[in-house]
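**Student:** Okay, structure incoming, though there's no sequence with it:
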């Protein structure tokens, strides 16, 4: 009886030993040289694999940095901190990183627009857009079905009262949501105090009035009060140039529709 | 002889499908079948490891454990061997087949704990006898892998349809996936008996 137990132990540990030795030899003989710099760079990157840098994932970006084909300041998620650390690893100046944040350019909530009908189809914006065009009275407005919310890897978008809203504390500026919106309502803006036109309606003023309570009618009032010349109206729709805007707030006060809003990032 | 091998091969794919008839390897079946290309990648790796594992564990059992009277150790020894084998395969692929290694990615180490692989190696031992040798065992492993592929690809298609379906809230996510899986499994019951009759063996 003790012999049987001994034999069992010997055979199992023998097989284990053989496998261990073979694996050890194999890992030495067939070792693949890995570039330590790539791993070091990769470890500093956030690892979200969002693709905002223009490469397919953080590892691809790390490879491009080490190969010298990419700058170190392309990661908007990591921002300046990461750029400085990458610069240290690579021995180059980090340069300036312009941190951006996403904004939804629509305020057409259920209070401000009318629902055209009760929609019971596939609950995503892209299908609904293809099927019925728009759910609210505004053809340019937010569908409120949350494609952007589902696309956001950081949980930085919520749908409130039928319109999407960016939670600025969570937004890292990766820009995935800008591609997810079938209406093209989401854009990235630099993080600074500025005025924002929260509307994309390109209809003429009279029509916009019917669409939405807070739609931009292209009345030019904001253009007239702006001392910096930062606002222009094209296609019956105002646009603020963030570079020129000094956040004086005059346009916000002048807007009769309430679609020009101050934007104070909390970051 | 050839007829017997073909019967074993087809039976492993259809009537004895390891996922849909024996309910082994459900975890990767539910976890990796969301997209078609990952489903195919995972199944490829599983097939590869199944054949290799059978090729190694069968002789170990027949020529080492049985003569020593230690056949009760098969579970632990097989797990040990499969784990080591997967590691070895990973090292070899990393060195010589970089593209394949990249496409298999995380699935290769995951297979270490895949019960379908262990199931194939152990059930083959149960079946072994005069008419069921090493060749049959290998063919069975290959068929099991291809059956896994078939189940994964079919289910990836089913899940693609689920994506756009308007599912009741209480059934969203895993519940509806399991319901769909059970229906697919049910459809595989229809294959029972077909293989034997087809080849005139029944």
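**Tutor:** Thanks, I have the structure now. Please read all numbers here as calculations on a predicted model, not as lab measurements.

**Student:** How about the residue of the stretch 1-150 of chain A found nearest chain B, nearest residue that isn't a chain neighbour?
**Tutor:** Relative to chain B, the nearest point of the stretch 1-150 of chain A is residue A:19 (3.5 Å; C-beta to the nearest C-beta). (C-beta placed from N, C-alpha, C; glycine too.) Once flanking residues are discounted, residue A:19 sits nearest to residue B:84: 3.5 Å by C-beta to C-beta, 6 or more residues apart in numbering or on different chains.

**Student:** my guess is that neighbour is in a helix, correct?
**Tutor:** Yes - according to DSSP: H, G, I helix; E, B strand; the rest coil, residue B:84 belongs to a helix.

**Student:** In contact with it: list those residues for me.
**Tutor:** A:19, A:20, A:22, A:23 (C-beta atoms under 8 Å, 6 or more residues apart in numbering or on different chains).

**Student:** which of those count as buried?
**Tutor:** A:19, A:23 (16 or more other C-beta atoms under 10 Å in any protein chain shown).

**Student:** Turn the contacts of residue B:84 into a markdown table, columns for distance to residue B:109.
**Tutor:** Converted to a markdown table, those look like this (distance: C-beta to C-beta, whole Å):
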| residue | distance to residue B:109 |
| --- | --- |
| A:19 | 16 |
| A:20 | 17 |
| A:22 | 17 |
| A:23 | 13 |
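
**Student:** Which positions in the helix or strand in which the residue of the stretch 1-150 of chain A closest to chain B is found come out as buried?
**Tutor:** If you go by DSSP states H and E, residue A:19 is part of helix A:2-29. The neighbour-count check on helix A:2-29 (16+ other C-beta under 10 Å) flags A:8, A:11, A:12, A:15, A:19, A:23, A:26, A:27 as buried.

**Student:** Figure out how far that helix is from the centre of its chain.
**Tutor:** Its chain's C-alpha centre and that of helix A:2-29 lie 52 Å apart, by C-alpha atoms, centre = their mean, to the nearest Å.

**Student:** Show me what that helix is packed up against.
**Tutor:** The elements that helix A:2-29 packs onto, with contact taken as 3 or more C-beta pairs under 8 Å, 6 or more residues apart in numbering or on different chains; DSSP states H and E, are helix B:74-96.

**Student:** gap between the helix it packs on and the chain center?
**Tutor:** On C-alpha atoms, centre = their mean, the centre of helix B:74-96 falls 16 Å from the chain's centre.

**Student:** Buried residues of it, list them for me.
**Tutor:** In helix B:74-96, counting by 16+ other C-beta under 10 Å, buried: B:74, B:77-91, B:93-94.

**Student:** Next, the angle helix A:2-29 makes with that helix.
**Tutor:** Relative orientation of helix B:74-96 versus helix A:2-29 (axes from the mean of the first three to the mean of the last three C-alpha atoms, to 10 degrees): 10 degrees.

**Student:** number of nearby residues for residue B:109?
**Tutor:** 14 (other C-beta atoms under 10 Å in any protein chain shown).

**Student:** what's near enough to touch the residue nearest the centre of chain A?
**Tutor:** Centroid-nearest residue in chain A: residue A:175, 3.0 Å away (criterion: C-alpha atoms, centre = their mean). Residues in contact with residue A:175 (C-beta under 8 Å, 6+ apart) are A:50, A:52, A:76, A:100, A:102, A:188.

**Student:** before we move on, what about residue B:110?
**Tutor:** Contacts of residue B:110 (C-beta under 8 Å, 6+ apart): B:28, B:42.

**Student:** Residue A:117 is in contact with residue A:136, correct?
**Tutor:** No - between residue A:136 and residue A:117 there is no contact under C-beta atoms under 8 Å: 10.5 Å.

**Student:** who has more neighbours, those two?
**Tutor:** residue A:136 (23 against 7).

**Student:** For the more buried one, which non-adjacent residue is spatially closest?
**Tutor:** Counting by C-beta to C-beta, 6+ apart, the residue nearest residue A:136 is residue A:113, at 3.9 Å.

**Student:** Residue A:235: neighbouring residues, count only.
**Tutor:** Residue A:235: 10 neighbours (other C-beta under 10 Å).

**Student:** Can you name the next helix or strand after the longest helix belonging to chain B?
**Tutor:** Ranked by residue count, the top helix of chain B under DSSP state H comes out as helix B:134-164. Next helix or strand after helix B:134-164 toward the C-terminus (DSSP H and E): helix B:174-188.

**Student:** still on that earlier bit, among the contacts of residue A:175, which are in reach of chain B?
**Tutor:** With the criterion set as C-beta under 8 Å from any C-beta of the partner chain, no member of these is near chain B.

**Student:** hang on, the earlier thing: the residue of the stretch 1-150 of chain A closest to chain B and residue A:140, how far apart?
**Tutor:** 64 Å (C-beta to C-beta, to the nearest Å).

**Student:** And residue A:146, by the same measure?
**Tutor:** Residue A:146 is 18 Å from residue A:140, by C-beta to C-beta.

**Student:** For these two, indicate the residue with more neighbours.
**Tutor:** residue A:140 (22 against 18).

**Student:** coming back round to it: which strands or helices does the helix or strand following the helix holding residue A:19 pack on?
**Tutor:** Counting by DSSP H and E, the element after helix A:2-29 in chain order, helix or strand, is helix A:36-44. Packing partners of helix A:36-44 (3+ C-beta pairs under 8 Å, 6+ apart): helix A:58-67, helix A:79-90.
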